[in-house]
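Novice: Next comes the sequence, and after it the predicted model I'd like to discuss.
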Protein chains: 2
Amino acid sequence: MPPPRRAARRRDAEENRARVVAAARELFAEEGFEVPLDAIARRAGVGRATLYRNFPDRGALAAEIFDGNLRELEAQAAALGERADALLELLRAIVDMQVEAHAMVPALLQEPRAPDLAALERRVRRLLAAPLRRAKAAGQVREDLAIGDVTTGLAMIAAVTGDTTVAARRRRARRALELLLYGLLPRGESDTSD
Amino acid sequence: MPPPRRAARRRDAEENRARVVAAARELFAEEGFEVPLDAIARRAGVGRATLYRNFPDRGALAAEIFDGNLRELEAQAAALGERADALLELLRAIVDMQVEAHAMVPALLQEPRAPDLAALERRVRRLLAAPLRRAKAAGQVREDLAIGDVTTGLAMIAAVTGDTTVAARRRRARRALELLLYGLLPRGESDTSD
DNA sequence: GCTCAAGCGGACACTGGCGTCCACTTCCAC
DNA sequence: GTGGAAGTGGACGCCAGTGTCCGCTTGAGC
């Protein structure tokens, strides 16, 4: 059936909804995914009922917000096309995004996951699949890397970016990505132990 | 001053205290550091007041438990002596311990930290300092590695070991350590970008 | 065995977040 | 302007976790 032609919302209702989304975007970024829904409603200047009317739960609200972020990443992926370093560029972009909106990666990749977000998590994996394949083919990343390793890596980085200021988050996130990309061991020697 | 010669506790009181500690050890391992204190008291078969009488808060209880774990690690460090690979061995030991008692690393290394645990966190850093120095001198790890990078790495690994079964935790923890040690990029080539 | 302080644990009050309800307000078609 | 449906938000009840209080129980010294 065709999408049931939602009756036009009243203009004030539309505005309130937009303000809720904006407030949620800010607070997810500032406080993380666990921020109380009251706080979002208060920041938006609406009652809690208004928030709940528009979004039955935290997951629905998050889905709306993260969908935007994900579109952005998908656009970047498309722009990078078949470049061999597309995977690394995407990883950097995702980590940067995590710095600005530090709720998304943990919300999407950490267990347990809200049901509304499961589909978005699949989009992340799909986003990374082709670039990973090409990066491996081009010898840009180690051969045995699976898609789950990449998302695990992102979750690992996200876990240490809980600092309160954006600058501090950026510093830690960059260092964590650097450590993870290059490893703790020295480069350029083969280690045959293990 | 000498420790103020605590008046001998009644035998049943001593027993209850021990059962609280044992229950907390189990539940921290099973459920993580955030497990409700009620649950611990219930598992120990004592009332909540008994738990609070012995440990004013979660931090005090955790401090008692993690202190034991830390002693074990310090003993291992001492046994490893000045071996160049002592740092890597310790990292493996800490990750293994995190698999069994998966509350300790996040509780000690993640912010914000309960005040009782700050001293234990300093012990972790002290534990790693000398092995790190020697590992660098021996070329076992990259030159620019700081002590904070090592603890960051441990926190990163801990973040992805939230699975419910020990076996699943072990698998993920080992993979995460492996990724972090060797990096995502292929070995044996110099990468001059960045 | 008796005594009594140490120790116990159930009951209680408090807090913070969630989700719902409903009397009131506001927009908009007429 | 006005009627009435759409929309609002404060007030309310619920729940889970925390911390405390106090009348009862019990171990241990005599």
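Specialist: Yep, that arrived. The shown structure was predicted, so the numbers you read here are calculated from the model rather than taken from an experiment.
Novice: So which bits of chain A are right by chain B?
Specialist: A:110-111, A:139-143, A:145, A:149-150, A:152-153, A:155-160, A:162-163, A:172, A:175-176, A:179-191 (CB under 8 Å from any CB of the partner chain). Backbone N, C-alpha and C define where each C-beta goes, glycine included.
Novice: and the closest residue to DNA strand D within chain A, how far is that from chain B?
Specialist: Nearest to DNA strand D in chain A, going by CB to the nearest atom of the strand, is residue A:47, at a distance of 1.9 Å. Distance of residue A:47 to chain B, given as CB to the nearest CB, to the nearest Å: 31 Å.
Novice: Check residue A:169 too.
Specialist: Residue A:169 sits 12 Å away from chain B, going by CB to the nearest CB.
Novice: Now do the contacts for that residue.
Specialist: A:99, A:102, A:161-163 (CB atoms under 8 Å, 6 or more residues apart in numbering or on different chains).
Novice: Give me the pLDDT for residue A:187.
Specialist: Residue A:187 is assigned 82 on the pLDDT scale.
Novice: residues near it, how many?
Specialist: For residue A:187, the neighbour count with other CB atoms under 10 Å in any protein chain shown is 15.
Novice: Give the ChimeraX command for selecting the buried subset of the contacts of residue A:169.
Specialist: Listed next is the ChimeraX selection for buried residues among those, using 16 or more other CB atoms under 10 Å in any protein chain shown:
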select /A:99,102,161,162,163
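Novice: mind checking how far the helix or strand residue A:117 falls within is from the chain centre?
Specialist: Here residue A:117, judged by DSSP states H and E, is contained in helix A:115-137. Mean-position distance between helix A:115-137 and its chain equals 12 Å (CA atoms, centre = their mean, to the nearest Å).
Novice: Now find how far off-centre the next helix-or-strand element following it is within its chain.
Specialist: As assigned by DSSP H and E, the chain's next helix or strand after helix A:115-137 is helix A:147-159. Centroid displacement of helix A:147-159 relative to its chain, using CA atoms, centre = their mean, is 11 Å.
Novice: Now residue A:109. Nearest residue, chain neighbours left out?
Specialist: Nearest non-adjacent residue to residue A:109, counting by CB to CB, 6 or more residues apart in numbering or on different chains: residue A:155, 4.4 Å away.
Novice: so what's the one you found up against?
Specialist: Residue A:155 sits next to A:105-106, A:109-110, B:159-160 when contact means CB under 8 Å, 6+ apart.
Novice: Same question for residue A:28.
Specialist: Per CB under 8 Å, 6+ apart, neighbours of residue A:28: A:35, A:62, A:65, A:101-104.
Novice: DNA strand C contacts on chain A?
Specialist: Within chain A, the positions near DNA strand C by CB under 7 Å from any atom of the strand are A:10-12, A:36-38, A:48-49, A:52, A:56-58.
Novice: Residue A:21 - how many residues pack around it?
Specialist: 18.
Novice: and it, what is it in contact with?
Specialist: Residue A:21 neighbours (CB under 8 Å, 6+ apart): A:61, A:64-65.
Novice: Tell me which of the contacts of residue A:155 has the lowest pLDDT.
Specialist: Least confident entry in the contacts of residue A:155, by pLDDT: residue A:110, with 82.
Novice: Setting the sequence-adjacent residues aside, check what's closest to that one.
Specialist: residue A:155 (5.9 Å).
Novice: From residue A:121, how far out is that neighbour?
Specialist: 11 Å (CB to CB, to the nearest Å).
Novice: same deal with residue A:130?
Specialist: Taken as CB to CB, the span from residue A:130 to residue A:121 is 17 Å.
Novice: who's more crowded, these two?
Specialist: residue A:121 (17 against 13).
Novice: Name the nearest residue to the more buried one, ignoring sequence neighbours.
Specialist: residue A:108 (4.9 Å).
Novice: now the helix or strand that neighbour falls within, how far from the chain's geometric center?
Specialist: Assigned by DSSP H and E, residue A:108 belongs to helix A:104-109. The chain centre lies 5 Å from the centre of helix A:104-109; the measure is CA atoms, centre = their mean.
Novice: So if we follow the domain assignment, how does chain A break up?
Specialist: A:11-55, A:58-182 (automatic domain parsing).
Novice: is the last one up against DNA strand D anywhere?
Specialist: No. Domain A:58-182 stays out of contact with DNA strand D when judged by CB under 7 Å from any atom of the strand, the minimum separation being 14.6 Å.
Novice: What's the end-to-end length of that domain?
Specialist: Start and end residues of domain A:58-182 are separated by 36 Å (CA to CA, to the nearest Å).
Novice: Nothing else from me, thank you.
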